[in-house]
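Novice: Here is the input, now give the coordinates:
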Amino acid sequence: MESSSPLSRAVLVHDAAGMALALAAAREVLPAGLTLPLLSAPGAAHWLSPRLFLAMVAQASGGTTVPFLPVLDCGMAAGHALAALRAGCPALVLSAACPAFPTLASAAAECGAQLWPEAPEALDTAGLRPGDPWAGARLREWLRG
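Specialist: Numbering: from 1, shown residues only. Reported below is the predicted structural model:
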C-alpha cells in the first residue's frame, strides 16, 4: 500500500473481486509513480468493519506490485472514522459537514493517515465481472484518463 504518491483516478469497489479487477487493470496501464485509490462504497463503514475492509484488500492484493491506497468511506460517522484510524486504515472519507471533522483530521494526521472531506469521482465496479473482457477494458480506459 502506498499513500504518499500522487493519486490516479479512483475505483469504487464492493468486494475483493472488484478490487482484484481494478488492480489487474492498473497493473497494465497505471503510469509509474501513481497510486490507485480503492474506494469503498459510500458510507460503507456503517456496515463494513475497518478490519474486514482491510482483510478484503489484503486478499485482493496478494502480491501485487501496483501501488494502491484503500479508502474507507465513513459518511458522517465520526465514531466509525475513529475506529478505522485505530484499525490502521490509511485513508478515509468523512463528510466535511461532520462536526467532528477538524478533530478527526488532526487524529488522522497524527496516525499518518489521509482524511478526505468527500469521495473523489470514481468508476464503480458494481456489475463488472472477473473474466469479462469488457470489464477489464472499461477499467483500463478509466485509469488511462
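
Novice: where are the low-confidence patches of this protein?
Specialist: 1-4 (pLDDT under 70).

Novice: hmm, try it at 90
Specialist: 1-5, 62-63, 129-131, 145 (pLDDT under 90).

Novice: helices or strands up against the biggest helix by length in the chain?
Specialist: The helix that spans the most residues within the chain, counting by DSSP state H, is helix 16-29. Secondary-structure packing of helix 16-29 (3 or more CB pairs under 8 Å, 6 or more residues apart in numbering; DSSP states H and E): strand 36-39, helix 50-61, helix 133-144. (Glycine included, C-beta is placed from N, CA and C.)

Novice: what's that helix in contact with?
Specialist: 8, 11, 13, 36, 38, 56-57, 59-61, 64-66, 68, 125-126, 128, 130, 135-136, 139-140, 142-144 (CB atoms under 8 Å, 6 or more residues apart in numbering).

Novice: so residue 92 sits in a strand?
Specialist: Yes. Remark: residue 92 belongs to a strand, assigned using DSSP: H, G, I helix; E, B strand; the rest coil.

Novice: now stretch 124-138: how far from the chain's centre is it?
Specialist: 18 Å (CA atoms, centre = their mean, to the nearest Å).

Novice: again, but for stretch 92-102
Specialist: That offset, for stretch 92-102, works out to 17 Å (CA atoms, centre = their mean).

Novice: Tell me which residues are up against that stretch.
Specialist: 39, 45, 71-78, 81, 84-85, 104, 108, 113-119.
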